[in-house]
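Undergrad: just need the structure, nothing else, for what follows:
(chains A and B, ligands or ions: 2)
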There are 2 protein chains.
Amino acid sequence: MVLGGLFEANGYHSSAWLLPGAQDKAPTDVDYFRRIIQIAEAGLLDFFFLADTPAARTENLDAWTRGPLYMNMLEPITLLSALAGTTAHIGLGATASTSFYEPFNVARLFASLDHISHGRAAWNVVTSANDFAARNFGLDRLPPHDRRYARAREFLHVVRGLWDTWEDDAFIYDKANARMFEPSKFHVLDHQGEFFKVHGALNMARPPQGSPVIFQAGASETGKAFAAETAEVVFGTGATMEEALAFYRDLKGRMPAYNRHPDALKILSGVSIVVGDSEAHAREKWASWQDKVHIDIGLLYLKTDLETDLSDLPLDEPVPPHRVPATSNHHQVYFQEIAGLIHQGLTLREVCRRYNRSKAIFFGDAAQVADQMQAWVEAGACDGFMIAFPVLPDSLVEFTTQVVPELQRRGLFRTAYQGTTLRDNLGLRRPASRHAR
Amino acid sequence: MVLGGLFEANGYHSSAWLLPGAQDKAPTDVDYFRRIIQIAEAGLLDFFFLADTPAARTENLDAWTRGPLYMNMLEPITLLSALAGTTAHIGLGATASTSFYEPFNVARLFASLDHISHGRAAWNVVTSANDFAARNFGLDRLPPHDRRYARAREFLHVVRGLWDTWEDDAFIYDKANARMFEPSKFHVLDHQGEFFKVHGALNMARPPQGSPVIFQAGASETGKAFAAETAEVVFGTGATMEEALAFYRDLKGRMPAYNRHPDALKILSGVSIVVGDSEAHAREKWASWQDKVHIDIGLLYLKTDLETDLSDLPLDEPVPPHRVPATSNHHQVYFQEIAGLIHQGLTLREVCRRYNRSKAIFFGDAAQVADQMQAWVEAGACDGFMIAFPVLPDSLVEFTTQVVPELQRRGLFRTAYQGTTLRDNLGLRRPASRHAR
Ligand SMILES: Cc1cc2nc3c(=O)[nH]c(=O)nc-3n(C[C@H](O)[C@H](O)[C@H](O)COP(=O)(O)O)c2cc1C
Ligand SMILES: Cc1cc2nc3c(=O)[nH]c(=O)nc-3n(C[C@H](O)[C@H](O)[C@H](O)COP(=O)(O)O)c2cc1C
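TA: Ligands and ions are numbered 1, 2, ... in the order given. Below you'll find the predicted structure:
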């Protein structure tokens, strides 16, 4: 079972920063992140992952100050580079947007992280999903969904081409003959496509993993097609086992069309995990966190993800279904989850409270949580989990000291890191250079 | 006296990697760089600097394999992020090109490095000077020199605007009232210029230094005007004290026109330092390194920096002056140095051997090297030095264990780090936010 962790400074719950134990200034405190990742590595997690969006929100500030999503954070690639030195085994994954970077710069940053971490880098290829980001890069709004994916596909193709500039054994350091590299093992990329023209070469030896591991989280039709063709780890969606199962079958079923074996892609279900002395205790903890979420923040998440503002509506009456927009341009799965809650006839307040960005929540003591994880994997709903730890460091400590040992006892999770690279640990093949003979 | 170090994996001399003590694979070995920076910090250097160009050479590979300039290197910002954790005082400077990055991404990467290092980041603002880089970013060649500087000026203006998104005390972490930040201390940048349109905000608290320190190395008229207006550290050019003096007076003399006090800018002369038991011994060492430089590499440097190919000419005859091009688009000072050597009537081989990219070379035992450094600073030729260490780790060890103590005895250099940030150590003021009241 693959276990990745999705980390936000004080935790993924939007009221985590309000709890008495929450550390002030955590979002920009590298020493705090060092402590967190060391706990994650002691728990043998496959990887430590940082989501990203290249923008602060510039509207609704009085609401965002109550649960400041992405308003203050370190840049993920620099943070992971810093964390590489305090860890030795855990994978290091970060998001970088294909809509707002140049392929050469992304190729270099992740190749460098892969060298710096001795083969532990992963890149989450996203197309971004908010207009605040677009405005930082000269646009008024995001390009349409399909155009973003067309660019992403070409972007990844160029990046992979650049990573293959040098064959694995191109650098020979032959001092006697004053030859540092073998020129025949150097390959210039000559790419001319719809979005990019790159005639050049990466100035760095091939990454230790050949290619940093490619993560994706697309859930739309286009996103799934792109993942089936190119991704190696996908953060699956589905708040129930049935939804996750359907997603899993759908995505893996698309792979043969791209000549890929289903094992070449690991699907991890996004899940929040709340460990307590009992299921009731765990649910009480979650409810106490939910109670602290300011209604303004709940409304803002809805506004962001439903792409429409519902704040004029009364809180304790059902949301009129005609207020759901006809189509979405951002996160389609989030959009559908909210639409579904509205169509159930819930009040606005209840929609806010229930909405969890299409992640399941596993409540219980260690054995109960392990039961649910085991059930999902055995049913074929996922290859593992992408765990959003609600409150840090507590949720992480509870998980690694209680649930991980339980999974180990059941033979479902490693008892030591086996491989030396993230690929090894995930059971993914190291890609051969396209130029290797 | 300010002392910065310019680091290349095995050293700045192009035959450093051929020496018996040179470590293989140094260019991509973060642990090697950790050892080097710790020596530099033990020697109390102000900063550790990494030059950069975003491209490998794609031509003349048989020559580049003999002295592979920028063919294999870690990306500097990720490398410095990794090195931040193994050091506590030394400044961390890297180049990033305004021609091939987006302002938002640069603002973020350096602000993040500044947080990660607790206030030790510096950005060397360059416009790039080779067409290999241009071809990685969709262009056939570099834009003209003046256009590059026009973009650089606007780029820096945008980056500084983004660093001022949040006032210093904007993040308050008021848990009782559920307010993480003070919305009135958040400022959206609304920029519309010739090159960039940015309506947005940085998603990170203001950098600890207010602004990472701004480095520059422009030597052309446009470059000096830009530096006089905006730079805080400039790598001066001048292979002799007279040239350095002229550069110093020229640049500092331009500052009042921009309402800047000359002390707000430190000019560091680029210099190679070779310490021996005696001056003769030091010169012998240098000569032995020069002897190892393959003639193909010498010719390539000339081709790159003179922007014309001289390899058809006989090696042991004077270079005909009509072979010097009329104008240059890349490094103008390098161009002029080579032109000067040719106009002296030197043979092609001698031009190759003498050319040192407009850096002085200080030869001698520790006292003699210190004498020269003292003389330059006391004459007003510079505020300190940007030292290109020819051979690593040897040249650095010799300098820090022999020359630094000599400078300390003379009261010319610190005996301990005093400040907590790079700005403090350089004696540069922390800029107030443009929005502070
Ligand atoms: C666990 C997880 C992490 C994600 N991280 C990011 C992220 O860091 N940045 C981002 O823009 N989108 C992120 N997404 C969103 C996806 O990249 C994707 O845009 C979204 O699932 C919508 O799918 P679609 O692009 O196919 O419409 C994440 C999604 C999941 C499930
Ligand atoms: C010590 C030093 C370091 C430099 N580092 C870089 C660098 O990393 N990348 C780069 O493109 N240029 C670098 N340069 C070149 C300058 O940025 C500048 O382009 C050059 O001095 C020519 O001046 P001009 O741009 O005014 O014509 C460096 C110059 C010096 C003296």
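Undergrad: how about whichever residue of chain A sits closest to ligand 1, secondary structure?
TA: Nearest to ligand 1, among the residues of chain A, is residue A:223, at 2.4 Å (C-beta to the nearest ligand atom). Using the backbone N, CA and C atoms, a C-beta is placed for each residue, glycine as well. The three-state assignment at residue A:223 reads helix, by DSSP: H, G, I helix; E, B strand; the rest coil.
Undergrad: in contact with it, which residues?
TA: A:149, A:216, A:217, A:332 (C-beta atoms under 8 Å, 6 or more residues apart in numbering or on different chains).
Undergrad: which two among the residues you listed are spaced furthest apart?
TA: A:216 and A:332 (14.2 Å; C-beta to C-beta).
Undergrad: can stretch A:390-400 be said to contact chain B?
TA: No. Taking C-beta under 8 Å from any C-beta of the partner chain as the criterion, stretch A:390-400 and chain B are apart, separated by no less than 13.6 Å.
Undergrad: touching that stretch from outside, list them.
TA: Under C-beta under 8 Å, 6+ apart, the answer for stretch A:390-400 is A:5, A:7-13, A:16, A:19, A:21-22, A:26, A:35-36, A:39-40, A:42-45, A:272-275, A:286, A:289, A:369, A:387, A:389.
Undergrad: is there a quick PyMOL command that grabs whichever of those residues are buried?
TA: Of those, the buried ones go into a single PyMOL selection, burial set by 16 or more other C-beta atoms under 10 Å in any protein chain shown:
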select buried, chain A and resi 5+7+8+9+10+11+12+13+16+19+22+26+36+39+40+43+44+45+272+273+274+275+286+289+369+387+389
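Undergrad: check what pLDDT the residue nearest in space to the middle of chain A gets.
TA: Here the mean C-alpha position of chain A is nearest to the C-alpha of residue A:51 (C-alpha atoms, centre = their mean), at a distance of 5.4 Å. Looking at residue A:51, its pLDDT stands at 96.
Undergrad: what's the burial count for residue A:407?
TA: By the criterion of other C-beta atoms under 10 Å in any protein chain shown, residue A:407 has 22 neighbours.
Undergrad: which residues does the helix or strand in which it is found contact?
TA: Here residue A:407, judged by DSSP states H and E, is contained in helix A:404-409. For helix A:404-409, contacts defined as C-beta under 8 Å, 6+ apart pick out A:1, A:43, A:44, A:366, A:367, A:369, A:370, A:373, A:374, A:413, A:414, A:415.
Undergrad: mind listing the residues bridging to the residue nearest to residue A:382 when sequence neighbours are not counted?
TA: Excluding its sequence neighbours, the residue lying closest to residue A:382 (C-beta to C-beta, 6 or more residues apart in numbering or on different chains) is residue A:269, at 4.0 Å. Counting by DSSP bridges, residue A:269 forms beta bridges with residue A:236, residue A:385.
Undergrad: ok, residue A:269 touching residue A:379?
TA: No. Counting by C-beta atoms under 8 Å, residue A:269 stays clear of residue A:379, with 11.0 Å between them.
Undergrad: with neighbour numbers in mind, choose between the two.
TA: Neighbour tally, residue A:269 and residue A:379, criterion other C-beta under 10 Å: the higher count belongs to residue A:269, 29 against 13.
Undergrad: what's the burial count for residue A:415?
TA: 12.
Undergrad: how about the residues of the stretch 251-400 of chain A near chain B?
TA: Residues of the stretch 251-400 of chain A lying near chain B (C-beta under 8 Å from any C-beta): A:292, A:294.
Undergrad: show me where pLDDT drops low in the stretch 251-400 of chain A?
TA: Judged by pLDDT under 70, the stretch 251-400 of chain A has no weakly predicted residues.
Undergrad: could you pull out the strands for the stretch 201-350 of chain A?
TA: A:213-216, A:233-236, A:266-275 (DSSP state E, counting those that start in this stretch).
Undergrad: ranking those strands by burial, who's on top?
TA: Mean neighbour count (mean count of other C-beta atoms under 10 Å in any protein chain shown) peaks for strand A:233-236 among these, with a mean of 28.
Undergrad: what's that one packed up against?
TA: With contacts defined as 3 or more C-beta pairs under 8 Å, 6 or more residues apart in numbering or on different chains; DSSP states H and E, strand A:233-236 has these neighbours: strand A:213-216, helix A:241-254, strand A:266-275.
Undergrad: just the ones in helices from the contacts of stretch A:390-400, please.
TA: Within the contacts of stretch A:390-400, residues falling in helices by DSSP state H are A:35, A:36, A:39, A:40, A:42, A:286, A:289, A:369.
Undergrad: show me what the longest helix anywhere in chain A is packed against.
TA: Longest among the helix segments of chain A by residue count, using DSSP H, is helix A:145-163. Secondary-structure packing of helix A:145-163 (3+ C-beta pairs under 8 Å, 6+ apart): helix A:103-116, strand A:121-126, strand A:189-192, strand A:197-200, helix A:221-230.
Undergrad: now those in JSON lines, please, with extra columns for mean pLDDT.
TA: Shown next, in JSON lines, are those (pLDDT from 0 to 100):
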{"stretch": "helix A:103-116", "mean pLDDT": "98"}
{"stretch": "strand A:121-126", "mean pLDDT": "98"}
{"stretch": "strand A:189-192", "mean pLDDT": "98"}
{"stretch": "strand A:197-200", "mean pLDDT": "97"}
{"stretch": "helix A:221-230", "mean pLDDT": "97"}
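Undergrad: hmm, back to that, among the helices and strands packed on strand A:233-236, which is nearest residue B:117?
TA: strand A:213-216 (27.5 Å).
Undergrad: note down every partner strand of that closest one and its orientation.
TA: As assigned by DSSP bridges, strand A:213-216 forms pairs with strand A:121-126 (parallel), strand A:233-236 (parallel).
Undergrad: contact residues of the stretch 101-250 of chain A facing chain B?
TA: A:101-102, A:104-105, A:108-109, A:111-113, A:115-116, A:132-133, A:135-138, A:165-166, A:171, A:173, A:175, A:178-183, A:186, A:188, A:196-205.
Undergrad: want to throw the helices and strands packed on helix A:145-163 into TSV with distance to residue B:257?
TA: Shown next, in TSV, are these (distance: least, C-beta to C-beta, whole Å):
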stretch	distance to residue B:257
helix A:103-116	35
strand A:121-126	46
strand A:189-192	45
strand A:197-200	40
helix A:221-230	54
